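Engineer: next input, structure requested:
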Amino acid sequence: MPVDSSYRRWTNRKIVFTTDCVPKVIAILNQKGGVGKTTLAVHLATALARQKKTVLLLDADPQGSALDWAAARHGEPLFPVVGLPKSSIHKELPALAGNYQMVIIDGPPRVYDVARSAIMAADLVLVPVQPSPYDVWAAKEIMDLLNEASVYKPALKKAFLINRKIVNTAIGRDVADALSEYPIPVLNTAICQRVAFAESATQGLTVYELDPDMLASKEIDGVADELQRLLA
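Structural biologist: I've put the predicted structure just below:
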């Protein structure tokens, strides 16, 4: 397919960190809205922080849901949350993230320039997909963006994640089979639809603070571990 010129004009600027700490950057992206990107971003950042990593969460969604979550939180923050819903993420990242080991970008739906900038900033793009044929069909949009970016970032890593899987159904497996037509892996860990995610969000909390041993927490840990292996 023809390569979008947006990437061409952005690749003239190399991302350079001026500190010894060069973070690994994970962008959570899907052009379809309502797939649970913010919930994943908040919980993935928390899982990494629990592993004693320094983490920055970058809210690149104009709706600012990650910022809302941080504002609802009482007590000490788990990690800083910075709003940057702009097409200059790849330019501004070194100044923001030079002292962090991990950066999680909560990406926007349907804001192509911001999504492209997040891709250019990322080492790995995680694409959450709900167990629905509509989500599988919609995955083509983000795949088109990733294919364009691969011309300029051939080392960019990518993965699908089945999110909000319905427990005790085969739908998640069917979606994973449907996604196999794309040349990127589907994570072995799936995140199931659980009330705990919504209950924790209303208080600015995470499922770890409700119960670190619950299944929801273990699923997030599994995703964090798989992503770190991909980045290694």
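Engineer: quick check: pLDDT value at the closest residue to Gln51 other than its chain neighbours.
Structural biologist: With Cβ to Cβ, 6 or more residues apart in numbering as the criterion, Gln51 has its nearest non-adjacent residue at 7.4 Å, and that residue is Ala224. All C-beta atoms are positioned from the backbone trio N, CA, C, and that covers glycine. Note for Ala224: predicted pLDDT of 98.
Engineer: what's the answer for Ser88, then?
Structural biologist: pLDDT, Ser88: 96.
Engineer: need the contact list for the nearest residue to it once chain neighbours are set aside.
Structural biologist: Once flanking residues are discounted, Ser88 sits nearest to Ser117: 6.4 Å by Cβ to Cβ, 6+ apart. When contacts are counted by Cβ atoms under 8 Å, 6 or more residues apart in numbering, Ser117 is found next to 10, 60, 86-91.
Engineer: ok so Ser117 is a helix residue?
Structural biologist: Yes - Ser117 forms part of a helix when assessed by DSSP: H, G, I helix; E, B strand; the rest coil.
Engineer: just the pLDDT at it, thanks.
Structural biologist: According to the prediction, Ser117 has pLDDT 96.
Engineer: in this protein, which spans are strands?
Structural biologist: Using DSSP state E, the strands of the chain run over 24-28, 55-59, 81-83, 102-106, 124-129, 157-165, 191-192.
Engineer: any buried residues in the third one, and which?
Structural biologist: Of the residues in strand 81-83, those with enough neighbours to count as buried (16 or more other Cβ atoms under 10 Å) are 81-83.
Engineer: any idea how far the residue positioned nearest the centre of the chain is from Asp174?
Structural biologist: Nearest to the mean C-alpha position of the chain, counting by Cα atoms, centre = their mean, stands Ile28 at 2.0 Å. Applying Cβ to Cβ, to the nearest Å, the value for Ile28 to Asp174 is 23 Å.
Engineer: that older thread, who does the residue nearest to the centre of the chain form a beta bridge with?
Structural biologist: Beta-bridge partners of Ile28, counted by DSSP bridges, are Asp106, Leu126.
Engineer: OK, contacts around it?
Structural biologist: Neighbouring residues of Ile28 by Cβ under 8 Å, 6+ apart: 37, 40-41, 44, 104-107, 125-128.
Engineer: same question for Gly222.
Structural biologist: Neighbours of Gly222 in contact, by Cβ under 8 Å, 6+ apart: 188-189.
Engineer: what about it, distance to Val42?
Structural biologist: Going from Gly222 to Val42 by Cβ to Cβ gives 16 Å.
Engineer: hey, where'd the helices end up in this protein?
Structural biologist: 5-10, 37-50, 65-72, 89-97, 112-121, 133-150, 171-179, 195-201, 207-210, 215-231 (DSSP state H).
Engineer: among those, which comes closest to Lys157?
Structural biologist: If you check each of these against Lys157 by Cβ to Cβ, helix 215-231 wins as the nearest, at 5.3 Å.
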